[in-house]
Every structure is written in C-alpha cells, then in structure tokens.
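*Asks:* Quick one: sequence plus predicted model below, questions after.
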Amino acid sequence: MSCRVENMISNLLLVLFLLSAPTTVLTDSHSMQILATYIKGVTPFPEFSVTFMLDDITVGHFNSDTEQYFTRDNTTNEDETVSHTYSIAIYARPFLAGILTFENNTQSLQLYQMISHCELLENDKSGQMITKFAFSGSTINEIHFHDNKLTHQSTNEMATLFQEYFKWRYESVCYPSCITILRNYIKKRWHQVKRKVKPRVRLFQKALDSGGVRVSCLATGFYPRHINLTLLRDGQPVSDHEVTGGDLLPNGDGTYQMRKSLEIRAEEREKHKYTCAVKHLSIDNKLEVALEFDPGVPFKSVIPTILTVLSLVLVFITGVVIYKCRNRRADQDCGSSSKVSYSSASTSEECIDAITQPQQQATEISETLSN
C-alpha cells in the first residue's frame, strides 16, 4: 500500500512540477521541490506524507504509516542529507495539522497540502523560495521569499504578527534548510542532474481537410527539461498567437518532448520558407532544421492527372503496335508458305513484346507514383 501511495504522490508532484516550472530558460539552475499532504478523515491513504524532488527526480518519500524516510534511485551514502529531509518532514506534520484545525471546517474529509520550491541559480547563487498552501484543492496562501524579503498573498488578510512570524521562520529555518538540502543532493546526485541528452528534432507538414497545411516542429528525447523551440518563417519567429502547442510532456524513459504547430494556407507554403530552431543545454550552438519534403503537399493532387495521361498514351501506343503488326502480317502472306510460317511465328512474338513492354513500363510508373 505504501509503495502505491508513494508512486501516486510522486506522479502528482511531477505533474505539478511540469506545470509550474519554466521550460524555455536555458540555465544551469537546480531546484528542490517539497510536497506535503495532510488528510483528516477515513481514507486508504496515510494521514501525512512528504515527497522530495531534486529538479524532476524523486529522491525520497516519508509517510506516517511507516514513520520512515525512503530514498529513491540513490547510489551514494545520503545519511546526512536524509537527516535534514527527515527533520523537515517531522516539522511539517504538526504545522499542517495545526493549520487544518485552525480552518475549523465541518467536512468529514479534509485535505491540506503544501508545495514548497527553492532554487540555486548559476554559480551556486541562492534563488527564491515559493510556498503554496491549498485546502481541499484550492490555493489559500502563497508566500514568496527572496533577498530576505517576504511577500504574501492570501484569500484572507494575514495579521501583521503572523507576517512577522513567517518572515522570521523563513529567514532562520525554512529557507536555509531547503537550500542546504538542495546543495547536498546536488553533490550526491551529480551524475543524475548533470545528465544531458540531445533532442531529436523534426519539422514536417500534414495536409488538412480545409485545403491548408499544418506545419509542426517536434523535439523529443531531450534532457534536462529546459528547451527553447521556435518556429521561423523566412528566418523570423512566428507570432505566438499563430502557434499552438508548446506543452512540455514526459517520455517513458525519463526524457521530455515538445511540439509546436502552425496552420497555413496551401499557397503560403510556396511563398515562404519555414524552419525550426532549437536551443538546449546539450547543444553547443543553435540547431535549425528545414521542412521535410512531403509528396502529399501538393504533389498528390496531380497524381490522378498523371495516371490519366499515362493511360491515354498506353492506349495510343497499343493501337499503333496492333496496326503495324496487322500490316506486317499481310505483307508476309505474299511470300512462300514455309517463310510465311516462320515469319508469322516471329512476327507474333515481336507484336506481343511490342505490346507488353509499354504496358509493363506504364504499370511500373503508376505504382511508383502511387507509393
């Protein structure tokens, strides 16, 4: 049961992470995500659970059923790092339970969640920390802490005393602890967070029923998740309001994919040159790919005409060959009977070859065009 719950919560955190994380910032930054859930009521799930993620990698999980912290996919000794994460898990439990009691809600089943995010920028510079609190699926509080400044957004106005308490708590406990855990995990999981996989990029087109064309750029199989994918028209970026897609999606092997599309009229396809530019940490320079040739646009539209012309040519050639064979046979009838016999057989074979060869050639051409 605990493994199933852990996987469900980890998947939920990954979805939240992908929805909230930027995908077009190409920096060597890293983040720690902490998701805590407290449930009051009868459910098959643990009353309290915490999941820790380094960037998009689940590194550990704690729940109240086992009262233990379990590491994930570690290959090094992480005892010191685990002690810090365990302390945060133990601290968060009474904190969330207290807030849930403070809500004084009469529902039989109550759910309170907290997601906290801290980051390290390039050159190991500490970034911001963002914490969101949600009750029954709706965000009720959001706290931003950066450069010793705390800003707060809430459905209810927070008293000055509480604001001062939160500021002190973030300065002395929450922010330093999160940054410390993040630095330790980066050292321990260096081989994972520094993994770089180049994207496979394609720019292709598809004919639409409306007569237009959809041009799509697909980048897949890349890691880390940060990527900059741009559709270009004659070397200039296409306006955002013309482009659809752009969502970052996970692949089954731990890599990611992104697709952006543009719908254009068929005549625009001939007037402009479309390319796709990709920037990624695994690529030294910008990667630019050209539009793949698609025989369906607009070549398939002329195939019926070509086949009709070939059929008429075949009929004409067949008629000419038959006419010549008959005339040649009539001339041979004037000769000797033995010669006639030999010539008739020879002429028949020549006529058959003359008829069948153009038919075979026309058939081969038709099959090539159809494919």
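*Replies:* Now that the structure is in, tell me what you want to look at. Numbering: from 1, shown residues only.
*Asks:* all contacts plus neighbour counts: C-alpha atoms, from now on.
*Replies:* OK.
*Asks:* quick one: residue 191 from residue 185, how far?
*Replies:* 11 Å (CA to CA, to the nearest Å).
*Asks:* of these two, who's got more company?
*Replies:* Neighbours were counted for residue 191 and for residue 185 using other CA atoms under 10 Å; residue 185 has more, 19 against 11.
*Asks:* other SSEs contacting whichever helix or strand the more buried one is part of?
*Replies:* Residue 185 is located in helix 175-188, with elements delineated by DSSP states H and E. For helix 175-188, the packing partners by 3 or more CA pairs under 8 Å, 6 or more residues apart in numbering; DSSP states H and E come out as strand 30-40, strand 48-54, helix 79-103, strand 110-120.
*Asks:* buried sites along it?
*Replies:* 175, 177-179, 181-186, 188 (16 or more other CA atoms under 10 Å).
*Asks:* mind listing the strands for the stretch 201-350 of the chain?
*Replies:* 213-222, 227-233, 236-237, 243-250, 256-264, 274-280, 287-290 (DSSP state E, counting those that start in this stretch).
*Asks:* on that earlier part again, out of the buried residues of helix 175-188, flag the one nearest to residue 257.
*Replies:* Set against residue 257, the nearest of those by CA to CA is residue 186 (24.2 Å).
*Asks:* Please name the nearest non-neighbouring residue to that closest one.
*Replies:* Spatial nearest neighbour of residue 186, chain neighbours left out: residue 193 (7.1 Å); criterion: CA to CA, 6 or more residues apart in numbering.
*Asks:* Tell me the confidence at that neighbour?
*Replies:* Per-residue confidence (pLDDT) for residue 193: 83.
*Asks:* wouldn't it be in contact with residue 183 here?
*Replies:* No - applying CA atoms under 8 Å as the test, residue 193 and residue 183 come out as separate, 11.8 Å apart.
*Asks:* Identify the residue spatially nearest to residue 176, adjacent ones excluded.
*Replies:* Per CA to CA, 6+ apart, closest to residue 176 is residue 170, 7.8 Å.
*Asks:* Give me the three-state assignment for the one you found.
*Replies:* helix (DSSP: H, G, I helix; E, B strand; the rest coil).
*Asks:* Okay, it and residue 151: tell me how far apart.
*Replies:* With CA to CA as the criterion, residue 170 and residue 151 are 11 Å apart.
*Asks:* go on, residue 205?
*Replies:* Applying CA to CA to residue 205 and residue 151 gives a distance of 47 Å.
*Asks:* quick one, which of those two is more surrounded?
*Replies:* residue 205 (21 against 12).
*Asks:* In terms of pLDDT, where does the closest residue to the more buried one other than its chain neighbours sit?
*Replies:* With sequence-adjacent residues excluded and distances taken as CA to CA, 6+ apart, residue 205 is closest to residue 215, at 4.4 Å. Here the pLDDT value assigned to residue 215 is 94.
*Asks:* Ok, residue 287 next?
*Replies:* Reading off the model, residue 287 has pLDDT 92.
*Asks:* do residue 120 as well
*Replies:* 92.
*Asks:* Was I right to think it contacts residue 146?
*Replies:* No - under the criterion of CA under 8 Å, residue 120 makes no contact with residue 146, lying 11.8 Å away.
*Asks:* quick one: which of the two has more around it?
*Replies:* residue 120 (19 against 16).
*Asks:* nearest spatial neighbour of the more buried one, skipping sequence neighbours?
*Replies:* Using CA to CA, 6+ apart, the closest residue to residue 120 is residue 126 (4.7 Å).
*Asks:* contacting residues for residue 143?
*Replies:* 130-132, 150-153 (CA atoms under 8 Å, 6 or more residues apart in numbering).
*Asks:* circling back to that earlier point, any common contacting residues for residue 170 and residue 151?
*Replies:* Shared contacts of residue 170 and residue 151, counting by CA under 8 Å, 6+ apart, come down to residue 145.
*Asks:* contacting residues for the residue nearest to residue 186?
*Replies:* 55, 186, 224.
*Asks:* Out of those, which is nearest to residue 273?
*Replies:* Closest to residue 273, out of all of the contacts of residue 193 and judged by CA to CA, is residue 224, at 30.0 Å.
*Asks:* For the closest one, the count of nearby residues, please.
*Replies:* Residues near residue 224, counting by other CA under 10 Å: 25.
*Asks:* Same question for residue 200.
*Replies:* 11.
*Asks:* Surely it and residue 221 touch.
*Replies:* Yes - Residue 200 is within contact range of residue 221, at 6.2 Å (criterion: CA under 8 Å).
*Asks:* domain ranges for the protein?
*Replies:* 2-193, 201-290, 299-370 (automatic domain parsing).
*Asks:* where does the residue nearest to residue 120 land on pLDDT?
*Replies:* pLDDT, residue 126: 91.
*Asks:* what does the one 10 residues further on give?
*Replies:* In the prediction, the pLDDT value recorded for residue 136 is 77.
*Asks:* you'd agree it is up against residue 40?
*Replies:* No - checked against CA under 8 Å, the pair residue 136 and residue 40 is beyond contact range at 10.9 Å.
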